[in-house]
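**Student:** Sharing a sequence plus its predicted fold:
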Amino acid sequence: MAMTCALDERQDYAPGAVSLEHFVYKLLPVMMQQNIHIEILPIAGKPGKRLNANELTSIFEGMPESGEYYMEG
């Protein structure tokens, strides 16, 4: 799925797996500094939900208290 989402200058990139902890604590802070937007949950040619890294960080920070998260849209 990640390879089909590669656009323009990212055509030569290859997807790889990272742990959730690495993503949240190492990659998201860098994405926040660079004001990167993230598209999550695209399904069969339909766009996913687009969030900036700050919004996604807020979601992850709120999940431990509630145990779940529902996204509108």
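**Tutor:** Structure received. Numbers count the residues shown, from 1 in each chain.

**Student:** Give the buried residues for stretch 27-34.
**Tutor:** By 16 or more other CB atoms under 10 Å, the buried positions in stretch 27-34 come out as 28, 31. From N, CA and C alone the C-beta is placed, and that goes for glycine too.

**Student:** Correction: the previous question concerned stretch 51-67.
**Tutor:** The neighbour-count check on stretch 51-67 (16+ other CB under 10 Å) flags 51, 53, 56-57 as buried.

**Student:** what pLDDT, on average, does it get?
**Tutor:** What stretch 51-67 shows for mean pLDDT is 79.

**Student:** one step back: tell me which of the buried residues of stretch 51-67 fall in strands.
**Tutor:** Taking DSSP state E, the ones among those that sit in strands are residue 51.

**Student:** Out of the buried residues of stretch 51-67, which two are the most distant from each other?
**Tutor:** Of all pairs drawn from the buried residues of stretch 51-67, the greatest distance, 9.4 Å, lies between 51 and 57 (CB to CB).

**Student:** now the helices for the protein?
**Tutor:** Listed in chain order, the helices found in the chain under DSSP state H are 20-22, 28-33, 53-66.

**Student:** Of all these, which one comes closest to residue 13?
**Tutor:** Using CB to CB, the nearest of the helices of the chain to residue 13 is helix 28-33, at 15.0 Å.

**Student:** and stretch 33-46, how far apart are its ends?
**Tutor:** End-to-end distance of stretch 33-46 (CA to CA, to the nearest Å): 28 Å.

**Student:** buried stuff in that stretch?
**Tutor:** Buried, per 16+ other CB under 10 Å, within stretch 33-46: nothing.

**Student:** circling back to that earlier point, now render the helices of the chain as TSV, adding distance to residue 47.
**Tutor:** Shown next, in TSV, are the helices of the chain (distance: least, CB to CB, whole Å):
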stretch	distance to residue 47
helix 20-22	23
helix 28-33	19
helix 53-66	16
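
**Student:** re the thing from before, just put the buried residues of stretch 51-67 in TSV and tack on distance to residue 43.
**Tutor:** TSV is the format used below for the buried residues of stretch 51-67 (distance: CB to CB, whole Å):
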residue	distance to residue 43
51	16
53	22
56	18
57	23
